[in-house]
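[1] Got a sequence here, can you model it:
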Amino acid sequence: MSVLRRTSALVTLAALVLVAAGCSSTADSTAAPDGAAATESGFPRTIEHALGEATIPEKPERVVTLSWMNHDIVAALGVAPVGVPETWGGDEEGFTPWFRDQIENELDAEMPEVITVTEDGPDYEQILALQPDVIIGVYSGFTETEYKRLSEIAPTVGYMDRPFTAGTWQEHTEIIGKILGEEDKAAELIEQTEAAIAEEAAKYPNLKGASFLYSTTFSSGATEITAYISEDPRVRLLHEFGMVDTPQLAAKTADVPADTWYGGISLEELDSVEADVVLAWSYADADTKHTLEHPVFNRWDPIANGRYFIAEDNTLGMATSGPSVLSIQWAIEQGYIKDISAAIDGGAVVRRAQ
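    Sure, this is the predicted structure:
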């Protein structure tokens, strides 16, 4: 799957953005050379990843990021990227509010150039012209071809293990901290964000132990619903607030391919899926209406009893599909967890763009 195809899937599957790196052992494989070749700051250093390794000669100043999440982390670590992709759920220029705030208000810097990305990959000439010191795609789905071409431009760090779904936001932050030589700052950001999560979770004790299915709404003619896998970032994020997967999730998603972050559950199987609450992303109000009025779906226990949260807000969708140290706090402030808590208690929530 290319660096772009996850973004394309979001559009074609309506809610698949709604539909979005590595294991800790791999993250620890970062190495700085010994002896006189290594500077006091730990450069040059080599970052190993699933597609190879990247040797970064000195502390990067000009950074290009591709795919989700990466540019949030770079900016949070104090570096204004020179090039980033357009972000789904962003404003007219393709920037999310939390990223824009960090660049313009916290870093007092100019917004980066938006990299053109197509089904054939990113615009390599555009990236070359930006003269990056490093290209970061820790959360990405780089193909071998894309990685090779990007590496000809600058040291490129790809995903750690599995495209898009492997690794937590903490691991992504740690790895990018190592790339930029900002390990201490990365640890501080992780600690602050985990504290914010714990504080919010304490306000809504009904989240603890509540089982959930993360899904999407569906269009006319659909015969199944989406089930995001347990490793998907939006699912993992809710685990941190104390919620647990529906017991049936593992079986329903056991056979999904390595580059896929969701499985399917047929409408006929819904009654066998137990959940205290259902969360779903919707690309359009028509899909929300169709889903809630569907004669099979609306008889499913959590739906029939108002235990659902549906979001049509693309920006909130981005904040929680690709959670970062910037977007998690923003989502909390927007009432994301408050709404889910209400849904668990039967106060059905349909969240539309504000």
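
[2] quick one: low-confidence ranges for the stretch 101-250 of the chain?
    Applying pLDDT under 70 to the stretch 101-250 of the chain picks out residues 165-166.

[3] Could you report the neighbour count for residue 290?
    18 (other CB atoms under 10 Å). Using the backbone N, CA and C atoms, a C-beta is placed for each residue, glycine as well.

[4] Going forward, count from 21.
    In the new numbering, first residue 21, that becomes residue 310.

[5] What strand or helix carries it?
    Secondary structure assignment for residue 310, by DSSP states H and E: helix 305-313.

[6] before we move on, what about residue 233?
    Per DSSP H and E: strand 231-236 holds residue 233.

[7] who does that strand pair up with?
    strand 264-265 (parallel), strand 297-301 (parallel) (DSSP bridges).

[8] now that strand, how far from the chain's geometric center?
    Averaging C-alpha positions (CA atoms, centre = their mean, to the nearest Å) puts strand 231-236 16 Å from its chain's average.

[9] cool, and stretch 253-266?
    Distance of stretch 253-266 from the chain centroid (CA atoms, centre = their mean) equals 13 Å.

[10] could I get it in CSV with only the CA atoms?
    Provided in CSV are the C-alpha atoms of stretch 253-266 (Å, rounded to 0.1, in the frame of the first residue of the first chain):
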residue,chain,number,x,y,z
PRO,A,253,-4.3,3.9,16.5
ARG,A,254,-7.9,5.1,17.2
VAL,A,255,-8.7,1.8,18.9
ARG,A,256,-5.5,1.8,20.9
LEU,A,257,-6.2,5.3,22.1
LEU,A,258,-9.4,4.3,23.7
HIS,A,259,-7.6,1.5,25.5
GLU,A,260,-5.6,4.2,27.3
PHE,A,261,-8.9,5.6,28.6
GLY,A,262,-9.7,2.2,30.1
MET,A,263,-12.0,0.8,27.4
VAL,A,264,-11.6,-2.7,26.1
ASP,A,265,-12.3,-4.4,22.7
THR,A,266,-15.5,-6.3,22.2
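
[11] List the contacts of that stretch.
    Stretch 253-266 is contacted from outside by 40, 89, 159, 185, 188-189, 214, 217, 220-221, 224, 227-234, 248-250, 293-295, 299, 340-343, 348, 357, 360, using CB atoms under 8 Å, 6 or more residues apart in numbering.

[12] Same check on stretch 127-146?
    Contacts of stretch 127-146 (CB under 8 Å, 6+ apart): 22-25, 27-28, 84, 86, 91, 95, 98, 100-106, 113-115, 120, 123-124, 147, 150, 163, 165-166, 169-170, 173.

[13] for it, which positions count as buried?
    Of the residues in stretch 127-146, 132, 134-135, 137, 141-142 count as buried by neighbour count, 16 or more other CB atoms under 10 Å.

[14] Could you do stretch 161-175 as well?
    Buried residues in stretch 161-175 (16+ other CB under 10 Å): 161-163, 166-167, 169-171, 173-175.

[15] now swap in stretch 215-234 and tell me
    Those would be 217, 220-221, 224, 226-227, 230-234, for stretch 215-234 by 16+ other CB under 10 Å.

[16] How far off centre is the lengthiest helix in the chain?
    As assigned by DSSP state H, the longest helix anywhere in the chain is helix 203-223. Helix 203-223 sits 17 Å away from the centroid of its parent chain (CA atoms, centre = their mean).

[17] Show residues contacting the helix holding residue 310.
    34-35, 237-240, 300, 302, 317-318, 323, 330, 332, 370, 372.

[18] In strands, which of the residues you listed fall?
    Among the contacts of helix 305-313, the ones falling in strands (DSSP state E) are 300, 330, 370.

[19] Quick check: which ranges of the stretch 271-374 of the chain have low pLDDT?
    In the stretch 271-374 of the chain (pLDDT under 70), the answer is 277-279.

[20] Now do the same contact list for residue 322.
    Taking CB under 8 Å, 6+ apart, we find residue 322 in contact with 295-298, 328.

[21] Please identify which two of the residues you listed are farthest apart in space.
    Spanning the widest gap among the contacts of residue 322 are 296 and 328, at 10.6 Å by CB to CB.
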